[in-house]
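Q: 3D model of this:
(one chain, ligands or ions: 1)
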Amino acid sequence: MFRNLALAACTLLLLNPRTLGADAPAAPAGHDHGTPAAESKAAEPKESMFLSVDPKAPKTARLVVVSAYNSVNYGMNFNGFAKGGARYTIPQGWTVSVVFTNNSPVPHSAIVVERPVVKKLQMGEPAFKGASTPYPVRGTTGKAGVPFQFVADEAGEFAIACGFPSHSANGHWIAFDVSATATAPSLQFGEKPAYVAR
Ligand SMILES: [Cu+2]
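A: Numbering: from 1, shown residues only. You can find the predicted model right below:
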């Protein structure tokens with residue numbers, strides 16, 4: 001019964017995330033946004049959980065990207081951040097090896113796009129060859145890790161966005177910069193100093 005309620009709430013969320021407010025059926029008290037209870041137990045995100053350097057492969061950054069990590073932005077977050085609130089910076093030319101998981105029964109995905117694309121309803125093709133989960137429009141559910149890898153061969157301001165239609169426009173994206181001058185990958189949460197992986 002409870003599970004059905006939670007799924008019904010998620011369906012509502014899919015249809016119109018912005019209208020889901022404090023009166024959402026599955027919204028726990030004391031949170032800013034409604035969310036299924038199962039999503040609200042996540043530990044405080046720590047940068048080192050989501051970024052490391054591969055000790056065996058040269059110039060390879062390993063990213064852990066978790067969709068619906070917690071209840072932030074109705075679960076439409078990566079690693080607990082939405083609307084560009086977290087920022088990866090990768091040195092140009094490095095290989096980026098991502099493992100994507102989705103904590104929610106709502107389908108989500110991850111696709112690297114140029115920053116202005118996040119405002120669109122559809123994400124189109126990834127900015128780098130291979131830089132998305134399979135079928136980013138359809139999305140995936142389930143906590144099994146989905147790996148993908150690409151070479152960040154062009155400097156610029158990009159984003160890791162959800163490819164499910166309208167999610168990114170509703171904030172389901174974080175910043176992803178490729179830097180011609182950085183010498184090590186880093187991850188910044190909000191206004192905190194960036195965590196540099198070595
Ligand atoms: Cu999404």
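Q: quick one: low-confidence parts of this protein?
A: 1-41 (pLDDT under 70).
Q: Which strand residues bridge the residue nearest to the spatial centre of it?
A: Among the residues of the chain, the one closest to the centroid is F78, at 2.8 Å (Cα atoms, centre = their mean). For F78, the beta-bridge partners under DSSP bridges are S67, F81.
Q: Likewise for the one 10 residues further on?
A: In this structure, Y88 has beta-bridge partners F176, L187, where bridges are defined by DSSP bridges.
Q: tell me the contacts of it?
A: L51, L63, I160, I174, A175, F176, D177, P185, S186, L187 (Cβ atoms under 8 Å, 6 or more residues apart in numbering). All C-beta atoms are positioned from the backbone trio N, CA, C, and that covers glycine.
Q: Can you tell me how far A194 is from F148?
A: 24 Å (Cβ to Cβ, to the nearest Å).
Q: Of those two, give the one with the bigger neighbour count.
A: F148 (21 against 16; other Cβ atoms under 10 Å).
Q: on that earlier part again, show the buried residues in the contacts of Y88.
A: Among the contacts of Y88, those classed as buried by 16 or more other Cβ atoms under 10 Å are L51, L63, I160, I174, A175, F176, D177, P185, S186, L187.
Q: what residues are up against L121?
A: L121 neighbours (Cβ under 8 Å, 6+ apart): P165, S166, A169.
Q: now the second one, nearest residue through space, not along the chain?
A: The spatially closest residue to S166, leaving aside those adjacent along the chain, is L121, at 5.2 Å (Cβ to Cβ, 6 or more residues apart in numbering).
Q: Assign a three-state SS to the one you found, would you?
A: coil (DSSP: H, G, I helix; E, B strand; the rest coil).
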